[in-house]
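K.L.:
pasting the structure only:
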């Protein structure tokens, strides 16, 4: 458990400054704590776009920091829409739709696309995927078990969800590293490791998105002639009310799936391992009765990690939220990281508790139409990887500070060293 460090006043909180997002965790958590207490609906400036990013500075937004208000806005898609964009800046419409896919759509388009792609996430299909998840988790540990140390993110946490998604879509193993590299660029636009200083981030995102779309289009062309038992073949042949998905919609969904499904789950696993290393009592409690504790432990890992920090919505008509009057066209930003530390909902929110119940976190997005479609797959992946780690590398410890992604959108860990007894458990 840690103590957040509160700023002197809410006037000292600048969510639009890069320095805020590179500050220590205690300071960032303290800022959101103060906002929840004193100004749960507060107005903020937007980032000043750098010269290489040809976007006008946006008009600002209302920060939604309390759990109850995040949940209300999530349920009321009629009042708070996604189709104007889910990122804080106003992106060109083409970019917004391509990279957002169905998370940047409103009904009826959103409902149509979600009904089609949800066929790849039925309990029956997820049950079949369980074997793949276990196989990949075993292989990842096999690859490092004799070394006694590795980078936890790149060797364990990242390859598992990415490999599962590529399996689902039918992407060959030879292309998984390529997919990984492109998604890092798309989701790491604010990090100089992925987009060089002075380069245009929008062009970098477009280039990587096009590369992934080209890969998907090649696969779709093959599957039309040679259908297989994969999600790509299902999407090509699925119909809702006589409509099928276009090639563009399939490619856009693939970009969303590999970006959202890979990055969020890998970061949940990474933050989960760090939390278990930092809280040995919680680790012992879970290890003592893994299967019984796993359901609550997985939910706590997602709450603790809050892999997606925020999503934006746009007000569709004059209304009110959290006591604040809002005008049509204004932006609101749902801060999931703040909602997941709300003292009105979570007892001792800064304590990592693998048996926490209830745990109504919004780590998979709030309730409503845009709740994460892959949440149950992510839960399975997290449970399986920790079961294998506890069984085969029971003394694995994080040995250095995580190298964090520089982002106000993803709570990402790029690298994190770990060590364990070579050969693992005997």
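P.N.:
Arrived safely, thanks for sending. From a predicted model like this one, the values you see are computed outputs, not experimental measurements.

K.L.:
CA only for contacts and neighbour counts going forward, please
P.N.:
OK.

K.L.:
quick one, phi/psi of residue 333?
P.N.:
Backbone geometry at residue 333, expressed as degrees, to the nearest 10, gives phi -120, psi 120.

K.L.:
Count residues in the vicinity of it, would you?
P.N.:
By the criterion of other C-alpha atoms under 10 Å, residue 333 has 25 neighbours.

K.L.:
what's the spacing between the nearest residue to it once chain neighbours are set aside and residue 221?
P.N.:
Counting by C-alpha to C-alpha, 6 or more residues apart in numbering, residue 333 lies nearest to residue 312, which is 4.3 Å off, once chain neighbours are set aside. Separation of residue 312 from residue 221 (C-alpha to C-alpha, to the nearest Å): 35 Å.

K.L.:
same thing with residue 30?
P.N.:
Taking C-alpha to C-alpha, one finds residue 30 at 51 Å from residue 221.

K.L.:
Identify all contacting residues around the lowest-mean-pLDDT helix or strand in the chain.
P.N.:
Across the helices and strands of the chain, mean pLDDT, DSSP states H and E gives its lowest value to helix 93-100, namely a mean of 72. Residues from elsewhere that reach helix 93-100 (C-alpha atoms under 8 Å, 6 or more residues apart in numbering): 85, 86, 104, 105, 206, 209, 252, 255, 256.

K.L.:
buried ones in it?
P.N.:
Across helix 93-100, burial judged by 16 or more other C-alpha atoms under 10 Å covers 95, 96, 97, 98, 99, 100.

K.L.:
Next: stretch 269-288.
P.N.:
For stretch 269-288, the buried set under the neighbour-count rule, 16+ other C-alpha under 10 Å, comprises 269-277, 282-283, 286-287.

K.L.:
Give me the neighbour count for residue 200.
P.N.:
Neighbours of residue 200 (other C-alpha under 10 Å): 16.

K.L.:
likewise residue 291?
P.N.:
Neighbours of residue 291 under the rule other C-alpha under 10 Å: 12.

K.L.:
Begin at 42, not 1, for the rest of this chat.
P.N.:
All right, first residue 42 from here; so that's residue 332.

K.L.:
ok, and it, which helix or strand is that part of?
P.N.:
Using DSSP states H and E, residue 332 falls within helix 331-346.

K.L.:
related to what we said a few turns ago, let's see if you can find the most crowded of the contacts of helix 134-141.
P.N.:
residue 296 (27 neighbours).

K.L.:
Next, the angle helix 134-141 makes with the one helix or strand that one maps to.
P.N.:
In the assignment (DSSP H and E), residue 296 maps to helix 288-297. For helix 288-297 against helix 134-141, the angle by axes from the mean of the first three to the mean of the last three C-alpha atoms, to 10 degrees is 60 degrees.

K.L.:
about what we covered before: adjacent strands (with direction) for whichever strand or helix holds the residue nearest to residue 374?
P.N.:
Assessed by DSSP H and E, residue 353 sits inside strand 351-356. Strands that pair with strand 351-356, judged by DSSP bridges, come out as strand 121-122 (antiparallel), strand 372-376 (antiparallel).

K.L.:
Next, the buried residues of that strand.
P.N.:
Within strand 351-356, the residues scored as buried using 16+ other C-alpha under 10 Å are 351, 352, 353, 354, 355, 356.

K.L.:
likewise stretch 394-401?
P.N.:
Neighbour counts over stretch 394-401 (16+ other C-alpha under 10 Å) mark 394, 395, 396, 397, 401 as buried.

K.L.:
what's the answer for stretch 430-445, then?
P.N.:
Within stretch 430-445, the residues that count as buried by 16+ other C-alpha under 10 Å are 430, 431, 433, 434, 435, 437, 438, 439, 443.

K.L.:
Give me the distance from that stretch to the chain's centre.
P.N.:
A distance of 21 Å separates the centroid of the chain from that of stretch 430-445, by C-alpha atoms, centre = their mean, to the nearest Å.

K.L.:
Next: stretch 103-113.
P.N.:
Centroid separation for stretch 103-113 versus its chain: 18 Å, with C-alpha atoms, centre = their mean.

K.L.:
go on, stretch 53-63?
P.N.:
Counting by C-alpha atoms, centre = their mean, stretch 53-63 is centred 21 Å from the centre of its parent chain.

K.L.:
List of residues touching it?
P.N.:
Under C-alpha under 8 Å, 6+ apart, the answer for stretch 53-63 is 48, 69, 72, 85, 86, 87, 88, 89, 447, 448, 449.

K.L.:
Need the worst-confidence member of these.
P.N.:
Within the contacts of stretch 53-63, pLDDT reaches its minimum at residue 89, with 83.

K.L.:
Residue 98 is in contact with that residue, correct?
P.N.:
Yes. Using C-alpha atoms under 8 Å, residue 89 is in contact with residue 98, at 5.7 Å.

K.L.:
Turn the buried residues of helix 134-141 into JSON lines, including distance to residue 212.
P.N.:
Conversion of the buried residues of helix 134-141 to JSON lines gives the following (distance: C-alpha to C-alpha, whole Å):
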{"residue": "136", "distance to residue 212": "24"}
{"residue": "137", "distance to residue 212": "25"}
{"residue": "138", "distance to residue 212": "23"}
{"residue": "139", "distance to residue 212": "20"}
{"residue": "140", "distance to residue 212": "19"}
{"residue": "141", "distance to residue 212": "21"}
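
K.L.:
what residue ranges in this structure score low on pLDDT?
P.N.:
For the chain, the stretches flagged by pLDDT under 70 are 42, 138, 281, 467.

K.L.:
Helix or strand next in line after the lengthiest helix in it, which one?
P.N.:
Scanning the chain for the longest helix, with DSSP state H as the assignment, gives helix 242-266. Per DSSP H and E, the first helix or strand lying C-terminal to helix 242-266 is helix 272-278.

K.L.:
quick one: contacts of that next one?
P.N.:
By C-alpha under 8 Å, 6+ apart, helix 272-278 touches 157-158, 161, 209-211, 260-261, 264-265, 268, 285-286, 291.

K.L.:
how about a cut-off of 10 Å?
P.N.:
Residues outside helix 272-278 that contact it (C-alpha atoms under 10 Å, 6 or more residues apart in numbering): 157-162, 166, 206-212, 257, 260-269, 279, 284-288, 290-292, 295.

K.L.:
Understood, closing this out.
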